[in-house]
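Enquirer: Sharing a model that was predicted from the sequence below.
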Amino acid sequence: MKTSVIVVEDDGGLREQLVQILESASDIKCLGAFISGEEALPKILEKRPDVVLMDIKLPGMSGIQCVAEIKKAMPEMQIIMVTIYEDSERIFRALKAGANGYLVKSSPPEQLIAAIRDASKGGAPMSSPIARKVVQHFHLLGPSVHEAQNLSPREREVLDLLAMGFIYKEIGSKLAIGPETVRTYVKNICQKMHVHSRLEAVAKRRADAY
């Protein structure tokens, strides 16, 4: 089964480039590329791709607003922000809206393809510059980082494995539990750590390790 992807990008040249990169991968299928959130949203809800590549700055509805609308209807949809912006405010607005990953547009094609594969399996891909900013942000928050101490031993195991880059299926195999049980643990972890996504939970865990 190929991983299906929809692209939302208002720059025509970049949109075409992203489609070409997707089509170069034998295990990925592009279901469409759209210029705006208003145009893309009904198609995403109709076609239900495995992964959405979303620009932040779009005409009309912003990419962050579009992410929030998608997540209301389909909470499990995997959405990767692909943008030129690396400022903390946009990063965390996107994460709180429900984005599952965050890549800068300068990322090489192989990193984009790897991120799509990772996200489709439950991972949380981030470009290195973005990961550094996220960790720095949680350092500034101080004691709240240590909310991981409120987790049960099994929840800490799951979180540590997520932080090491393992996907749900791999974590389930290591802990002898099913992927859906892993998903339930991740949901509980997010609630206890007061974050909106596993990506934020992992970022807090990494910040706590430094």
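Expert: Sure thing, it's come through. Residues are numbered from 1 along each chain as shown.

Enquirer: Tell me the first helix or strand C-terminal of the one helix or strand in the chain whose mean pLDDT sits lowest.
Expert: Ranking every helix and strand in the chain by mean pLDDT, DSSP states H and E puts helix 128-141 at the bottom, with a mean of 66. Going down the chain from helix 128-141, the next helix or strand is helix 153-163, by DSSP states H and E.

Enquirer: got the buried residues for the helix or strand following that following helix?
Expert: The C-terminal neighbour of helix 153-163 among helices and strands, as given by DSSP H and E, is helix 168-175. Applying a neighbour-count criterion of 16 or more other CB atoms under 10 Å, one finds 168, 170-172 buried in helix 168-175. To be clear about C-beta, it is placed using only N, CA and C from the backbone, and glycine gets the same treatment.

Enquirer: can you check stretch 113-120 too?
Expert: 113, 115-120.

Enquirer: before we move on, back to that, could I get the buried residues of helix 168-175 as CSV with pLDDT?
Expert: Below are those laid out as CSV (pLDDT from 0 to 100):
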residue, pLDDT
Tyr168, 84
Glu170, 86
Ile171, 90
Gly172, 91
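
Enquirer: Make a markdown table out of the buried residues of stretch 113-120 and add secondary structure, pLDDT and distance to Val51.
Expert: Formatted as a markdown table, the buried residues of stretch 113-120 follow (DSSP: H, G, I helix; E, B strand; the rest coil; pLDDT from 0 to 100; distance: CB to CB, whole Å):
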| residue | secondary structure | pLDDT | distance to Val51 |
| --- | --- | --- | --- |
| Ile113 | helix | 95 | 11 |
| Ala115 | helix | 91 | 9 |
| Ile116 | helix | 94 | 5 |
| Arg117 | helix | 91 | 9 |
| Asp118 | helix | 87 | 10 |
| Ala119 | helix | 88 | 5 |
| Ser120 | helix | 87 | 5 |
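
Enquirer: So which of those residues is the closest to Lys57?
Expert: Ala115 (19.7 Å; CB to CB).

Enquirer: Excluding sequence neighbours, find me the nearest residue to the closest one.
Expert: Ranked by CB to CB, 6 or more residues apart in numbering and with sequence neighbours excluded, the top spatial neighbour of Ala115 is Pro125, at 3.6 Å.

Enquirer: Contact partners for that neighbour?
Expert: 80, 100-103, 114-115, 118-119 (CB atoms under 8 Å, 6 or more residues apart in numbering).
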